[in-house]
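[1] I need the structure of the sequence given here:
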Amino acid sequence: MNIFVLMKRTFDTEEKISLSGGKINEDGAEFIINPYDEYAIEEAIRVRDAQGGEVTVVTVGTEEAEKQLRTALAMGADKAVLINTEDDVENGDQFTTAKILAEFLKDKEADLILGGNVAIDGGSGQVGPRVAELLGIPYVTTITKLEIDGGTAKIVRDIEGDSEVVEASLPLLVTAQQGLNDPRYPSLPGIMKAKKKPLDELELDDLDLEEDDVEAKTKTIEIFMPPKKEAGRILQGDLQDQVKELTQLLHSEAKVI
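    Okay, here's the model as predicted:
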């Protein structure tokens with residue numbers, strides 16, 4: 001099988017976010033593979049081991065993403081591709097990323113494409129479905145189980161409070177939800193092998209794309225930190241007095257009644 005994984009480089013989940021000049025400050029910050037993409041990488045490796053074929057991990061970003069691609073190779077992926085947009089895209093969005101990925105994938109004859117359900121930095125969950133729409137293939141989101149038999153995939157997907165079973169034909173794009181698997185840690189032999197595995201770097205020109213073709217459809221007006229929560233209040237006195245005071249506060253301050 002010809003399997004591709006869409007990967008994103010994101011802030012470490014333990015990283016403390018700070019702003020500088022109206023932008024997120026990346027100086028000295030730690031970056032990782034988006035955790036939901038780790039489920040996608042692990043599942044891709046498992047499918048390859050069961051069905052045969054190869055796994056290619058692809059990301060859109062800058063040269064700094066090479067570290068995360070090497071980690072994916074150390075986990076067991078066969079190839080990696082970095083589509084470097086550092087000199088061509090100043091302010092991209094989900095449309096930008098999806099357009100670039102779809103242009104890369106359109107002639108790759110992918111049987112299966114996997115991605116994370118959401119990225120922990122943006123959380124929109126748009127890129128996977130947008131790529132599938134641009135490629136004209138079916139997609140299933142938030143999957144927690146994947147079984148492939150010939151040209152058919154049987155999928156369990158997470159829905160609010162329950163799950164549902166879906167069958168779809170290949171080629172297919174799916175996005176991974178927590179619970180799909182337990183991603184492996186790169187082993188020392190895997191890390192050593194990753195250094196020799198192919199990691200190709202492309203630019204927009206290599207995909208016959210112009211900057212105007214991938215211009216963002218959205219614009220960020222402002223980035224700000226959420227307001228600090230005020231300390232809670234403890235009411236004193238008799239229960240009856242506390243009830244009266246609580247009612248007054250809910251009406252005058254909280255304005256919920």
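
[2] Which positions in stretch 155-174 come out as buried?
    155, 156, 157, 158, 168, 170, 171, 172, 173, 174 (16 or more other CB atoms under 10 Å). C-beta: built from backbone N, CA, C; applies to glycine.

[3] Kindly provide the distance from residue 171 to residue 136.
    Relative to residue 136, residue 171 is positioned 10 Å away (CB to CB, to the nearest Å).

[4] and what of residue 61?
    On the measure of CB to CB, residue 61 and residue 136 end up 25 Å apart.

[5] These two - which one has more neighbours?
    residue 61 (21 against 9; other CB atoms under 10 Å).

[6] beta partners for the more buried one?
    residue 84 (DSSP bridges).

[7] That one: what's it in contact with?
    8, 9, 82, 83, 84, 85, 86 (CB atoms under 8 Å, 6 or more residues apart in numbering).

[8] okay, these in JSON lines with distance to residue 105, neighbour count and pLDDT next?
    What follows is the contacts of residue 61, written out as JSON lines (distance: CB to CB, whole Å; neighbours: other CB atoms under 10 Å; pLDDT from 0 to 100):
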{"residue": "8", "distance to residue 105": "16", "neighbour count": "22", "pLDDT": "96"}
{"residue": "9", "distance to residue 105": "19", "neighbour count": "22", "pLDDT": "93"}
{"residue": "82", "distance to residue 105": "15", "neighbour count": "24", "pLDDT": "97"}
{"residue": "83", "distance to residue 105": "11", "neighbour count": "24", "pLDDT": "96"}
{"residue": "84", "distance to residue 105": "17", "neighbour count": "19", "pLDDT": "95"}
{"residue": "85", "distance to residue 105": "16", "neighbour count": "21", "pLDDT": "92"}
{"residue": "86", "distance to residue 105": "21", "neighbour count": "11", "pLDDT": "88"}
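
[9] and the two most separated of those?
    8 and 86 (15.3 Å; CB to CB).

[10] the helices in the stretch 101-250 of the chain, which residues?
    Assigned by DSSP state H, counting those that start in this stretch, the stretch 101-250 of the chain shows helices spanning 127-135, 188-194, 239-252.

[11] Could you dump these into TSV and include distance to residue 226, mean pLDDT and mean neighbour count?
    Shown next, in TSV, are these (distance: least, CB to CB, whole Å; pLDDT from 0 to 100; neighbours: other CB atoms under 10 Å):
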stretch	distance to residue 226	mean pLDDT	mean neighbour count
helix 127-135	25	96	21
helix 188-194	38	94	13
helix 239-252	23	89	11
